[in-house]
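K.L.:
Got a predicted structure plus its sequence, pasted below:
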Amino acid sequence: MSYAQRSLVPGETLLYETRHHWSVLLGPLLFSVVLVAFGLGCFAEIVAAREGKGQLVGASPASFHATELGGVLLIAAAIAVFAYGLAKRNATEMAVTNRRVLIKTGMGSRRTLDMMLSRVESIGVEETFWGRMLGFGSVVVRGTGGTPESFVMIANPQEFRRNVQEQIGAHPSTSA
């Protein structure tokens, strides 16, 4: 169950949810691919040495074990790096209800923003060229009398803003 679903109060309806865009996984994915390549390289070296080729020909059995262990550790590190990136992506949630805007970021330490629709002064969206093409951008929420809160690499930021604006327009008493 998401943070937004757990945070609903009686009579409140969850209307829209989003999170970080999938592109935030590109860095961890590329790093993981490099680690896996090095890990597989360790295993390839062991196979080559057993066939009488490669750097480990004539090496002690301890060298084979160390190379094998290095390969396993590199692949395990690759899995851990990608899993961390995935967990970090899923740790950011943005939601719109019929009463509030809810935003949660962070895994170990958490930062939340719950703003009543009547207190939303503006919602800005900043998108780069690639952000527009791939569907991500930064959302800047400004509450009445507050400082702007910026959230980067959010999937479908225009859709998020549209949902907030629809809710403010649907409840004229909350927009004053």
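P.N.:
Arrived safely. Residues are numbered from 1 along each chain as shown.

K.L.:
list the contacts for the residue lying farthest from the centre of the chain?
P.N.:
Going by C-alpha atoms, centre = their mean, the residue of the chain most distant from its centre is residue 58, 46.8 Å out. Residue 58 is in contact with no residue at all, counting by C-beta atoms under 8 Å, 6 or more residues apart in numbering. The C-beta positions use only the backbone N, C-alpha and C, and glycine is treated the same way.

K.L.:
Please name every helix or strand in contact with the helix or strand that contains residue 153.
P.N.:
Assigned by DSSP states H and E, residue 153 falls within strand 149-155. With contacts taken as 3 or more C-beta pairs under 8 Å, 6 or more residues apart in numbering; DSSP states H and E, strand 149-155 sits against strand 14-19, strand 100-105, strand 136-143.

K.L.:
residues of the first one that come out buried?
P.N.:
Going back to what we said before, that points to strand 14-19. Going by neighbour count (16 or more other C-beta atoms under 10 Å), the buried part of strand 14-19 is 15, 16, 17, 18, 19.

K.L.:
Name the next helix or strand following it along the chain.
P.N.:
Counting by DSSP H and E, what follows strand 14-19 is helix 26-50.

K.L.:
on that earlier part again, buried sites along the strand holding residue 153?
P.N.:
Under 16+ other C-beta under 10 Å, the buried positions of strand 149-155 are 149, 151, 152, 153, 154, 155.

K.L.:
Columns pLDDT and distance to residue 107 on top of the residues you listed, output as TSV?
P.N.:
Output for the buried residues of strand 149-155, formatted as TSV (pLDDT from 0 to 100; distance: C-beta to C-beta, whole Å):
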residue	pLDDT	distance to residue 107
149	84	19
151	88	15
152	90	16
153	92	15
154	93	17
155	94	18
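
K.L.:
Quick check: the farthest pair among those?
P.N.:
149 and 155 (17.5 Å; C-beta to C-beta).

K.L.:
re earlier: what two of the buried residues of strand 14-19 are the furthest from one another?
P.N.:
So, those by C-beta to C-beta: farthest apart are 15 and 19, at 15.4 Å.

K.L.:
The residue sitting nearest the centre point of the chain: what's its closest spatial neighbour, skipping adjacent residues?
P.N.:
Central residue of the chain (C-alpha atoms, centre = their mean): residue 89, 1.7 Å from the mean position. Nearest residue to residue 89, sequence neighbours excluded (C-beta to C-beta, 6 or more residues apart in numbering): residue 20, at 4.5 Å.
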